[in-house]
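[1] A predicted structure for the sequence below; I have some questions about it.
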Amino acid sequence: MAMKLTSLGICCVALSLSLFAFTTSTYAQADGDVEAKFIAMLKNATLTGTWAPVQGGQLGGEKKDQGYRIARVEKGENGKWNVVSVFMIRDRQVEFPIAASVKFAGDTAVLILNDVKAGPGKANWSARILFFDDVYTGRWWETANKEHGGTISGTITRTE
């Protein structure tokens, strides 16, 4: 009888923890404070770090990034977001909105690009980028050629 009670107790604890994790995750998806922190983190932001190519399942050597500039992120309808990136084209600064999805794992944002035009040029890109505490890391690739892509990571700074 003690063996059955112990097994039942373990099952109850596991079920309680699972329900707590599910409730916390569900709450985070709709948490306005978490979204507001994400928006603030990427307002007038520069992402500076490194990238490394991934080819044939192998990670290549790291290279310094020049920095990605983001003017702002805007939440749209049905969980869609726009990441408004800043590009220099012929000595002229241009803002370019990039359609994305953003999911939250607790207080951590995961930006998802699926086959989108992510700047001037002809290629479409896909990516999964994690953002937390002024740090980013992730994986990107050209949608038509997954061998053209890599990893990125670095820190986020902001200007007024």
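    That came through, no problem. Computed from a predicted structure; not experimentally measured.
[2] looking at it, residue 34 is touching residue 105, isn't it?
    No. Contact criterion Cβ atoms under 8 Å: residue 34 and residue 105 do not qualify, at 10.0 Å. The way it works is simple: take the backbone N, C-alpha and C, and place the C-beta from them, glycine included.
[3] Looking at these two, which has the bigger crowd around it?
    Using other Cβ atoms under 10 Å as the criterion, residue 34 and residue 105 rank with residue 34 on top: 17 against 13.
[4] domains for this protein, by residue range?
    With domains defined by automatic domain parsing, the chain comprises 1-30, 32-158.
[5] Of these, flag the one that's most buried.
    Of all the domains of the chain, domain 32-158 carries the top mean neighbour count, a mean of 15, counting by mean count of other Cβ atoms under 10 Å.
[6] Ends of that domain, what's the gap?
    One end of domain 32-158 sits 21 Å from the other (Cα to Cα, to the nearest Å).
[7] Comparing the domains of the chain by mean pLDDT, which bottoms out?
    Lowest mean pLDDT of these: domain 1-30, a mean of 41.
[8] which residues in the protein form strands?
    45-55, 58-59, 63-64, 68-75, 80-89, 92-105, 108-116, 125-132, 135-142, 145-158 (DSSP state E).
[9] Looking at those strands, which is nearest to residue 38?
    With Cβ to Cβ as the criterion, residue 38 lies closest to strand 108-116 of the strands of the chain, at 4.5 Å.
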